[in-house]
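A.B. asks: curious how this folds, go ahead:
(one chain, ligands or ions: 1)
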Amino acid sequence: QHTVLTGITTTGTPHLGNYVGAIKPAIRASLDPDTASFFFLADYHALIKCEDPERVRQSTLEIASTWLALGLDPEAVTFYRQSDVPEITELTWILTCSTAKGLMNRAHAYKAAVQDNTDAGEDPDHAITMGLFSYPILMAADILMFNADKVPVGRDQVQHLEMARDIAARFNHRFGELFVLPEAVVEEHVATLPGHDGRKMSKSYNNTIPLWLPEKQLRKSIMKIVTNSLEPGEPKDPDEGALFPIFAAFADQAQRDDMRQAFADGIAWGQAKQQVFELINAELAEARARYEALIADTAAVEAVLLRGAEKARAAAAPLLQRAREAVGIRKLA
Ligand code: TYM
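C.D. replies: Have a look, this model is predicted:
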């Protein structure tokens, strides 16, 4: 019996990296009848990076519609918006009080923000919010609240999972065994999907391929993936550049082997890109039509989320009681 949980921050339009790194493995794991699944929209996390309220609202709707279009069954899993479950933010404070500041100092995202601000000649202590600094504690609460043991994520989230384990272990050590120590589940072929320019596909690098581009634009976006100047007929190295890894994330073993051979045989870049487009488009075409319908029906998506929030709150309440009692806070009536 496993509990699988994962979330996506609602700051942007979902991209291929979110799909192959988190959504696809999560939905696959949720089909196992011995698994309880919790999938959510991390809208409190969004506040850390985004000061545009309309963007947060729109992104929440887009990401919710994405999960549903890709076949998530909201009856079989618990699917909710983080901010609809106040138990999570309450647990965040309890965990904040037993988490060492030094653990947060080590977070890659925080260290990168310090570096970026310093490079830009700004004072990081002024520019960086406490939200950004303590972000990993909110993420730990997301996971520990439901005693999830498996967390499907891309490689960029692995450090946050290690921190969630540290936070849980320290709490357990002080107050008694309450939390399960979660584990990251990272798929080998898709751990870090590169974007157009070869760096990690990321909203903050502006190099994403959005998941729901209409067919023509998807093709155009794939044609923009940066390659080198090797001519048709010249052998190409699949381990160099973004094109092969993007193909590999959608391909099965036989398709990967064939493409490696085609690279060795000197396939033209344009032709290789066309094959990447066809593979990705074939996987997404049907879901794209469902997405278009869902995104136009805000009320239906909202109803799904509110029902999910009820389920999530019911699941969270008993453990929150125990956490409150463990630290000496009155048990809720
Ligand atoms: P976020 O919103 O940045 O990304 C959502 C998920 O997509 C994965 N991902 C990628 N995977 C492979 N290649 C890429 N280029 C790529 N880009 C993004 C991420 O690894 C992630 O799995 N803090 C999290 C959200 C979160 C969460 C949680 C996740 C909040 N609470 C609890 C798991 C459990 C985040 O910002 O992900």
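A.B. asks: and the closest residue to the ligand within the stretch 1-150 of the chain, what is it in contact with?
C.D. replies: Residue of the stretch 1-150 of the chain nearest the ligand, by CB to the nearest ligand atom: G21 (2.1 Å). Any C-beta I mention is one placed from the backbone N, CA and C, and that applies to glycine too. When contacts are counted by CB atoms under 8 Å, 6 or more residues apart in numbering, G21 touches P152, V153, G154, R155, E187, V190, A191, T192, L193.
A.B. asks: quick one, which of these are buried?
C.D. replies: P152, V153, G154, E187, V190, A191, T192, L193 (16 or more other CB atoms under 10 Å).
A.B. asks: I'd like these as a markdown table, with pLDDT, distance to the ligand and secondary structure appended.
C.D. replies: Formatted as a markdown table, the buried ones among the contacts of G21 follow (pLDDT from 0 to 100; distance: CB to the nearest ligand atom, whole Å; DSSP: H, G, I helix; E, B strand; the rest coil):
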| residue | pLDDT | distance to the ligand | secondary structure |
| --- | --- | --- | --- |
| P152 | 95 | 7 | strand |
| V153 | 94 | 3 | coil |
| G154 | 92 | 2 | coil |
| E187 | 89 | 8 | coil |
| V190 | 83 | 6 | helix |
| A191 | 84 | 6 | coil |
| T192 | 92 | 5 | coil |
| L193 | 96 | 4 | coil |
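A.B. asks: distance check, the closest residue to L47 other than its chain neighbours against L320.
C.D. replies: Leaving aside its chain neighbours, L47 sits nearest to G131 (6.3 Å; criterion: CB to CB, 6 or more residues apart in numbering). As judged by CB to CB, to the nearest Å, G131 and L320 stand 22 Å apart.
A.B. asks: would you mind listing what in the chain touches the ligand?
C.D. replies: The chain has residues 5-9, 17-18, 21-22, 42, 45, 139, 142-143, 151, 153-154, 156-157, 160, 190, 192-193, 200-202 near the ligand, with proximity defined as CB under 6 Å from any ligand atom.
A.B. asks: filter these down to just the buried residues.
C.D. replies: 5-9, 17-18, 21-22, 42, 45, 139, 142-143, 151, 153-154, 156-157, 160, 190, 192-193, 200-202.
A.B. asks: out of the residues you listed, list just those in helices.
C.D. replies: G17, N18, H45, M139, D142, I143, H160 (DSSP state H).
A.B. asks: D252 and the ligand, how far apart?
C.D. replies: Applying CB to the nearest ligand atom, to the nearest Å, the value for D252 to the ligand is 18 Å.
A.B. asks: what is the neighbour count of that residue?
C.D. replies: Using other CB atoms under 10 Å, D252 is surrounded by 9 other residues.
A.B. asks: what does S65 give?
C.D. replies: Going by other CB under 10 Å, the residues that sit close to S65 add up to 24.
A.B. asks: how near is the residue located most distally from the centre of the chain to the ligand?
C.D. replies: Within the chain, the residue lying farthest from the chain centre (CA atoms, centre = their mean) is G233, at 38.8 Å. G233 sits 32 Å away from the ligand, going by CB to the nearest ligand atom.
A.B. asks: SS state for the closest residue to that residue other than its chain neighbours?
C.D. replies: Among residues not flanking G233 along the chain, G266 sits closest, at 4.3 Å (CB to CB, 6+ apart). Recorded secondary structure, G266: coil (DSSP: H, G, I helix; E, B strand; the rest coil).
A.B. asks: contact partners for G266?
C.D. replies: By CB under 8 Å, 6+ apart, the neighbours of G266 are L230, P232, G233, E234, P235, K236.
A.B. asks: and those, which two are the farthest apart?
C.D. replies: P232 and P235 (11.0 Å; CB to CB).
A.B. asks: any idea where the helices of the stretch 151-300 of the chain begin and end?
C.D. replies: Under the criterion DSSP state H, counting those that start in this stretch, helices of the stretch 151-300 of the chain are mapped to 158-175, 215-223, 243-250, 253-264, 269-295, 298-327.
A.B. asks: pull the residues that contact the helix-or-strand element of the chain with minimal mean pLDDT.
C.D. replies: Ranked by mean pLDDT, DSSP states H and E, the helix or strand of the chain with the weakest confidence is helix 43-49, at a mean of 92. Residues from elsewhere that reach helix 43-49, judged by CB under 8 Å, 6+ apart: 7, 9-11, 56, 59-60, 81-83, 88-89, 129, 131-132, 135, 138-139, 204.
A.B. asks: can you flag the buried ones in those?
C.D. replies: 7, 9-11, 56, 59-60, 81-83, 88, 132, 135, 138-139.
A.B. asks: show me which of those is closest to V226.
C.D. replies: Using CB to CB, the buried ones among the contacts of helix 43-49 come closest to V226 at T11, 24.7 Å.
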